[in-house]
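1. just a sequence and a predicted model for now, questions to come.
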Amino acid sequence: MEPTTAPLSGRRAQAARNDQRILEAAREVFTADPAAPIAAVAQLAGVGIAALYRRYASKDQLLQRLASDGLGRYLAAAEAALADGGDPWEAFAAFLHRSLDAGAGSLTVRLAGSFTATDELRGQARTAFALTQRLLERTKAAGALRPDVEAGDVALLLEQLQAVRVGEPQRSRQLRHRYLAMVLDALHLPAAAPLPGPPPTPEELRRRYDG
């Protein structure tokens with residue numbers, strides 16, 4: 001019999017719920033307006049500004065946590081794809097769809113260079129790059145992916161797709177997946193003509209966070 005996880009106490013459970021509301025509100029507020037004050041996050045989350053500051057001492061700290069949360073979602077999607085023992089192309093395509101729904105790239109589009117990148121965030125980014133490269137190599141080995149696509153290409157493609165916004169969230173999501181379907185058709189061409197120029201390097205991607 002598997003051990004059960006003890007439920008959080010009332011106060012800790014409430015704190016966890018508040019933290020989740022704060023992160024969801026921060027994602028919505030700052031992707032819409034990177035210059036928005038932290039008070040706008042508290043208002044949307046339905047928590048007091050004092051409660052927010054007890055959890056995050058500054059906007060910079062909140063943005064760091066938000067970026068870490070986004071990278072964590074991306075890592076989970078990549079790990080799930082690598083653990084999938086089925087068709088490599090289907091696993092790769094599902095990974096991109098999950099990453100898109102998880103918001104991968106959305107924060108970079110709006111917030112790169114607007115907060116301090118920590119060593120922890122850089123470590124997460126390196127892990128994400130490595131896992132993406134492993135997934136690409138597996139898909140290429142199956143003959144299902146053009147050979148000149150690299151991890152940096154995936155990062156920038158997701159950023160471009162996340163930039164699709166038409167006002168209504170559900171319609172924006174529909175359009176993002178519409179264009180992802182087009183991108184997947186282009187990626188699923190192993191014999192296509194070579195792409196112009198080299199892919200972005202990790203240094204080029206990281207440099208944008210230096211402001």
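-> Sure thing, it's come through.
2. so the residue nearest to the spatial centre of the chain, which state does it fall into?
-> Taking C-alpha atoms, centre = their mean as the criterion, Ala104 is the residue nearest the geometric centre of the chain, at 2.1 Å. When classified by DSSP: H, G, I helix; E, B strand; the rest coil, Ala104 comes out as coil.
3. tell me who's in contact with it.
-> 70, 73-74, 77, 158, 162 (C-beta atoms under 8 Å, 6 or more residues apart in numbering). To be clear about C-beta, it is placed using only N, CA and C from the backbone, and glycine gets the same treatment.
4. right, and Pro202 touches Ala130 too?
-> No. With contact defined as C-beta atoms under 8 Å, Pro202 does not count as touching Ala130 (9.8 Å).
5. who does the host helix or strand of Leu135 touch, helix- and strand-wise?
-> Taking DSSP states H and E as the criterion, Leu135 maps to helix 119-141. If you count contacts as 3 or more C-beta pairs under 8 Å, 6 or more residues apart in numbering; DSSP states H and E, helix 119-141 packs onto helix 59-83, helix 88-101, helix 151-162, helix 202-207.
6. which pair of the contacts of Ala104 spans the longest distance?
-> Ala77 and Gln162 (14.1 Å; C-beta to C-beta).
7. which one's more surrounded, the two?
-> Under the criterion of other C-beta atoms under 10 Å, the comparison of Ala77 against Gln162 puts Ala77 first, with 24 against 21.
8. okay, now the unreliable bits of this structure?
-> Scanning the chain for pLDDT under 70 picks out 1-9, 108-110, 209-211.
9. please parse it into its domains.
-> The chain is divided into the following domains under automatic domain parsing: 7-57, 63-210.
10. quick one, what contacts Leu96?
-> By C-beta under 8 Å, 6+ apart, the contact list for Leu96 reads 154, 158, 180, 183-184.
11. tell me which of these is nearest to Glu168?
-> Leu180 (18.3 Å).
12. which element is that closest one on?
-> Element membership for Leu180 (DSSP H and E) is helix 169-187.
13. same deal with Ala25?
-> Here Ala25 is covered by helix 10-32, with elements defined by DSSP H and E.
14. check which residues of that helix are buried.
-> For helix 10-32, the buried set under the neighbour-count rule, 16 or more other C-beta atoms under 10 Å, comprises 18-19, 21-23, 25-31.
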